[in-house]
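Participant: what would the 3D arrangement of this be:
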Amino acid sequence: MTLTGPKRARRVTQSDVAAMAGVSTAVVSAVISPKPGKTIRVGEEAEKRVRAAMEALGYAPDVVAQSLAGGRRNIIGVFTYEAVFPADRKNFFYPFLLGIERGAMRSGQDLLLFTSSTLEKGRRSIFPKGTNRMGIADGAILLGAAQDKDDLKRLCDIGFPFVTIGRREVEGGHVSWVAPDYRSAVSDVVTRCRAMGHRALMLIGEREVREQNEDRERGFLENGHDDLTLSVERIAPEEIIPAWIDDLLKSGTTVVLAETFAHAVALERQLAARGLTIPDNISVVALAAPLFDEAEGERWTRISIPREEMGERAVETLIAKIREPGKVPENIMQPLGYVPGETLKAI
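Facilitator: As a prediction, the model looks like this:
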């Protein structure tokens, strides 16, 4: 005796609706997807029968098939290199997603979040098995700190419309992006510190230098005041140890610009172990927000990123690329804000 599971119900088609309503499938299609200048005119009585048949049969139009027939799906993909879908509303990436959602709603687009393209070693890839899974969308917005340049170059080569949040440069390809203007923001911080009497400033940050790191460092070093001593230290947060603190204090540095929040926290921890405090013994400005609980960063003097607005502008840029494939939209440097806090004081 052979056991079989329950049969899957057959999907209701336009032909089924047409048969019940006593019309042709062309009439059903015209009712479902009315188009300006259509050649098929549907009478009021026929349309009522079609809609009654759709309701009776439980027919739902295949919007993907309809959009494919029209050449555009009205679907925007969102691809993230890190797992950024927020379990916590304070997640750093959450405001970007809010802005993207708002921009998509205003543009009449649906959003599709790509999460399954993960390689064995855990890093997400746009081409995990050689195929662009995002191809089912009209274009995509890419999020994440560590974006794969090979992925970006390949997307450029195949002509797939995409926009990155964060400045990204790819040799031999043009990447459209919406990025925080770290260069101007950090230059402004240096000017503010100078006005408060600081003359010896240090920027500490990640060893791996990406575009955002370059922008911060350029803004730090280009201030152009002859009376300032500016130094850059590329160091991992775990390398901020007592000996390093000794050298920092001996250098005469009075304010540190921390490229990541992890650097700021590590610095404060090591100072506290010596009985020293921020800003009484040294001032600190955070150049990035915490990735998770943003409440941790509220007391710090810092720069702020209008992430929701950047998400919206990324959608606008992507829609422009999709609608005018031959025209390259201008990249956007988003102005940042300055938030006075408890960790910077005049000397």
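
Participant: which residue ranges of the stretch 51-200 of the chain form helices?
Facilitator: Taking DSSP state H, counting those that start in this stretch as the test, the helices found in the stretch 51-200 of the chain are 63-70, 94-106, 149-158, 182-195.

Participant: closest to residue 138 out of those helices?
Facilitator: For residue 138, the closest of the helices of the stretch 51-200 of the chain is helix 63-70, at 8.7 Å, according to C-beta to C-beta. C-betas here are computed from N, CA, C, even on glycine.

Participant: average pLDDT for that closest one?
Facilitator: What helix 63-70 shows for mean pLDDT is 51.

Participant: now the most centrally placed residue in the chain: how far from residue 137?
Facilitator: Taking C-alpha atoms, centre = their mean as the criterion, residue 143 is the residue nearest the geometric centre of the chain, at 3.4 Å. As defined by C-beta to C-beta, to the nearest Å, residue 143 lies at a distance of 15 Å from residue 137.

Participant: residue 213 against residue 260, yeah?
Facilitator: No. Counting by C-beta atoms under 8 Å, residue 213 sits too far from residue 260 to count as a contact (9.6 Å).

Participant: so what sits against both of those two?
Facilitator: Taking C-beta atoms under 8 Å, 6 or more residues apart in numbering as the criterion, residue 213 and residue 260 both touch 205-206.

Participant: bridging residues for the residue nearest to the centre of the chain?
Facilitator: residue 80 (DSSP bridges).

Participant: what sits against it?
Facilitator: 78-82, 84, 93, 96, 164-165.

Participant: just give the number of residues close to the residue nearest to residue 196 when sequence neighbours are not counted.
Facilitator: Excluding its sequence neighbours, the residue lying closest to residue 196 (C-beta to C-beta, 6 or more residues apart in numbering) is residue 346, at 3.9 Å. By other C-beta atoms under 10 Å, 10 other residues sit near residue 346.

Participant: oh, and call the first residue 20 from now on, that's how I've got it
Facilitator: In the new numbering, first residue 20, that becomes residue 365.

Participant: would you confirm that residue 365 contacts residue 216?
Facilitator: Yes. The pair residue 365 / residue 216 is scored as a contact, 5.2 Å apart, by C-beta under 8 Å.

Participant: before we move on, the earlier item: make CSV from the contacts of residue 162 and add pLDDT, distance to residue 336 and neighbour count to it.
Facilitator: Output for these, formatted as CSV (pLDDT from 0 to 100; distance: C-beta to C-beta, whole Å; neighbours: other C-beta atoms under 10 Å):
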residue, pLDDT, distance to residue 336, neighbour count
97, 94, 14, 26
98, 91, 15, 25
99, 85, 18, 20
100, 80, 19, 18
101, 73, 22, 15
103, 60, 20, 19
112, 82, 18, 21
115, 92, 14, 25
183, 96, 10, 25
184, 96, 10, 26
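
Participant: ok, so of those, who is nearest residue 338?
Facilitator: residue 97 (13.9 Å).

Participant: residue contacts, residue 306?
Facilitator: Here residue 306 is in contact with 201, 204-205, 208, 224, 235, 276-279, 321-322 (C-beta under 8 Å, 6+ apart).

Participant: what sits closest to it if chain neighbours are left out?
Facilitator: residue 278 (5.2 Å).

Participant: for that neighbour, which residues are in contact?
Facilitator: 222-225, 232, 235, 306-307.

Participant: among those residues, which are in strands?
Facilitator: 222-224 (DSSP state E).

Participant: which of these ranks first by neighbour count?
Facilitator: Result: residue 223 is most packed of the ones in strands among the contacts of residue 278 (other C-beta under 10 Å), 27 neighbours.

Participant: against residue 336, how distant is the closest residue to that one other than its chain neighbours?
Facilitator: Once flanking residues are discounted, residue 223 sits nearest to residue 252: 4.8 Å by C-beta to C-beta, 6+ apart. As defined by C-beta to C-beta, residue 252 lies at a distance of 35 Å from residue 336.

Participant: these two - which one has more neighbours?
Facilitator: residue 336 (24 against 18).

Participant: SS state for the more buried one?
Facilitator: helix (DSSP: H, G, I helix; E, B strand; the rest coil).

Participant: okay, now the domains of the protein?
Facilitator: 33-80, 94-199+326-355, 201-323 (automatic domain parsing).

Participant: so which of the ones you listed is nearest residue 361?
Facilitator: With C-beta to C-beta as the criterion, residue 361 lies closest to domain 201-323 of the domains of the chain, at 4.7 Å.

Participant: so where is the stretch 120-269 of the chain shaky, pLDDT-wise?
Facilitator: 135-142, 148, 243 (pLDDT under 70).

Participant: possible to save the helices of the stretch 70-219 of the chain as TSV with distance to residue 193?
Facilitator: Listed next are the helices of the stretch 70-219 of the chain as TSV, based on distance: least, C-beta to C-beta, whole Å:
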stretch	distance to residue 193
helix 82-89	27
helix 113-125	22
helix 168-177	6
helix 201-214	20
